[in-house]
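**Q** give me the fold of what follows.
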Amino acid sequence: MALLHLLRHGTHDLGGGVLAGRMPGVGLTERGRSEIAAVAERLADENIAALYSSPLQRTRESAEIVAERLGLPIEFRDDLIELDFGEWTGTSFNGIRADPRWQPWHRHRSLARIPGGETMRAVQFRAVEAILEIGERRREEAAVIVSHGDVIRSALVFALGMPLDFYGRIEVAQGSLSTIRLDDGGIRVVSINERPRVG
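**A** Numbers count the residues shown, from 1 in each chain. All right, here's what the predicted structure looks like:
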């Protein structure tokens, strides 16, 4: 049995008004660091064997906090990176909502494509493939995977057998932990959006 803890990076310094996407140089705020430190403390007694992370700055900084607390190296993986938001990267959310191409994306994630960006189908495929591969490598162990909200949600709807268009029904807050288990019986969601108390 592999136990995989999916950790969304902590609060970042762009705040909630701009779509960060794959923008470089987007790091954690002090609150974000505190959120991840609380998660690292929560995981300290879980016998974590491995730590994987998206290479973007906010996930890298989050993984470094966990790595320091748990005494683990970090393996960076491009298949855990944020959804490619194409033309919308760095745009305000109000600006994106004013774009007529927003409504098809908002309503039908399984069919729509971000202008110049990635489809949710592609995100889900790479996320699930990464999780299954890590699960196979870490059989009978626990691991932490540090990634992004859309990537984690796409994996969770797969694990729950839900249509991709339902992905917005799952909350995956910044600094939250969701856990899945992989074994010979299949895949099971253990928890979603756990948010350890920030001291």
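
**Q** so residue 165 touches residue 104, yeah?
**A** No: taking CB atoms under 8 Å as the definition, residue 165 is not a contact partner of residue 104, at 11.6 Å. Just so you know, the C-beta spots here come from the backbone N, C-alpha and C atoms, and that holds for glycine as well.

**Q** look at those two and report which has more neighbours.
**A** Between residue 165 and residue 104, counting by other CB atoms under 10 Å, residue 165 is the more crowded of the two (15 against 12).

**Q** what sits against that one?
**A** Residue 165 is in contact with 107-110, counting by CB atoms under 8 Å, 6 or more residues apart in numbering.

**Q** same thing with residue 1?
**A** Applying CB under 8 Å, 6+ apart, the residues near residue 1 are 139-140, 181-183.

**Q** narrow the residues you listed to just the buried residues.
**A** Among the contacts of residue 1, the ones that count as buried by 16 or more other CB atoms under 10 Å are 181-182.

**Q** sitting in strands, which of the contacts of residue 1 do you find?
**A** Of the contacts of residue 1, the ones assigned to strands by DSSP state E are 181-183.

**Q** among the contacts of residue 165, who's most crowded?
**A** Scoring the contacts of residue 165 on neighbours with other CB under 10 Å, the highest-scoring entry is residue 109 at 24 neighbours.

**Q** wait, that one touches residue 120, no?
**A** Yes: if you go by CB under 8 Å, residue 109 and residue 120 touch, sitting 4.2 Å apart.

**Q** quick check: neighbours shared by the two?
**A** Overlap of the contact sets of residue 109 and residue 120 (by CB under 8 Å, 6+ apart) consists of 164, 167.

**Q** the longest strand along the chain: how far from the chain's middle?
**A** Ordering each strand of the chain by length in residues (DSSP E) puts strand 186-194 first. Strand 186-194 has its average C-alpha position 14 Å from the chain's average C-alpha position, going by CA atoms, centre = their mean, to the nearest Å.

**Q** strand partners of that strand, parallel vs antiparallel please.
**A** In the sheet, strand 186-194 lines up against strand 177-183 (antiparallel) (DSSP bridges).

**Q** export the partner strand as CSV, just CAs?
**A** Coordinates of each C-alpha in strand 177-183 appear next as CSV, following Å, rounded to 0.1, in the frame of the first residue of the first chain:
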residue,chain,number,x,y,z
LEU,A,177,-3.2,18.3,2.4
SER,A,178,-5.3,15.7,0.6
THR,A,179,-4.3,12.0,0.9
ILE,A,180,-4.9,9.0,-1.4
ARG,A,181,-4.0,5.3,-0.9
LEU,A,182,-3.0,3.0,-3.7
ASP,A,183,-3.0,-0.8,-3.2
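
**Q** residue boundaries of the helices in the protein?
**A** Under the criterion DSSP state H, the chain carries helices at the ranges 30-43, 57-70, 93-98, 102-107, 120-137, 149-159.

**Q** nearest to residue 196, of the ones you listed?
**A** Nearest to residue 196 among these is helix 30-43; the distance by CB to CB comes to 4.1 Å.
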